[in-house]
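A.B. asks: Sharing a model that was predicted from the sequence below.
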Amino acid sequence: MGKTLDGASLEGGAVGVSTDDNTTTSTLVFTPLASDHGLTLTCKASNQRIPMSELKDTWMLKVFYPPKVTLTLGQALNANSIKEGDDVYFECHLIANPWVLRVWWSHDGERLHSNTTNGIIVSNQTLVLQRVSRFSSGRYCCEASNSEGATKSIPFHLRVKFEPVCADGPVKKLLGAAKDEPLKIECK
């Protein structure tokens, strides 16, 4: 008895013979992968003593699995040169069967919703951030779900470059010192 998956022979399984030696049964324990979806599984049997006795049964595999999710920065963007005021977009690449029911986006664990006033546009598999600021920096994820489960992407750490600013704001201070007197000036 032979078992094949899309023409490739599968090894293993167990063969049993009935007590009256009249029936032979072959059992294969097979755990399909997501990549096996749509392939054909065939079981063939024949009696070497009887020419043209081959019998076969074939099944097309329908493999259901939770989404596989990959997050990428927009193709034209360089992650190392994003600065305040730039527009940034992310793409959520999905492979799923059955297809996804929902896609979510998050920033530092907080779910994002479209808010055009704040420059956040959520459009299913794309997230657009308009005029990013230093506060846009952080970890972004996309998450997708179907009837088999939900999966999150590996976080993408966005680092927005910005000009230095004084911690106390633009405060001017007048300092006085005598000639050759050392001054200690703290800059934050």
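C.D. replies: Structure received.
A.B. asks: which regions of this structure lie under the pLDDT threshold?
C.D. replies: 1-6, 168-171, 187-188 (pLDDT under 70).
A.B. asks: Asn97 contacts Leu61, correct?
C.D. replies: No - taking Cβ atoms under 8 Å as the definition, Asn97 is not a contact partner of Leu61, at 10.6 Å. For glycine as for every other residue, the C-beta is placed from the backbone atoms N, C-alpha and C.
A.B. asks: Kindly point out which residues are neighbours of both of those two.
C.D. replies: His37 (Cβ atoms under 8 Å, 6 or more residues apart in numbering).
A.B. asks: Tell me the bridge partners for Leu71.
C.D. replies: For Leu71, the beta-bridge partners under DSSP bridges are Cys92.
A.B. asks: ok, now how distant is it from Tyr140?
C.D. replies: 7 Å (Cβ to Cβ, to the nearest Å).
A.B. asks: Those two: who's more crowded?
C.D. replies: Comparing Leu71 with Tyr140 by other Cβ atoms under 10 Å, the one with more neighbours is Tyr140, at 23 against 19.
A.B. asks: partners of the one helix or strand that one maps to in the sheet?
C.D. replies: Using DSSP states H and E, Tyr140 sits within strand 138-146. Partner strands for strand 138-146, per DSSP bridges, with pairing direction: strand 102-107 (antiparallel), strand 149-152 (antiparallel), strand 156-158 (antiparallel).
A.B. asks: closest one to Glu11 among those strands?
C.D. replies: Judged by Cβ to Cβ, the one of the strands paired with strand 138-146 that comes nearest to Glu11 is strand 149-152, at 30.5 Å.
A.B. asks: Would you mind writing the CA trace of the closest one as CSV?
C.D. replies: Provided in CSV are the C-alpha atoms of strand 149-152 (Å, rounded to 0.1, in the frame of the first residue of the first chain):
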residue,chain,number,x,y,z
GLY,A,149,-7.6,32.1,16.1
ALA,A,150,-5.9,35.5,16.3
THR,A,151,-2.2,36.3,15.6
LYS,A,152,-0.1,39.4,16.3
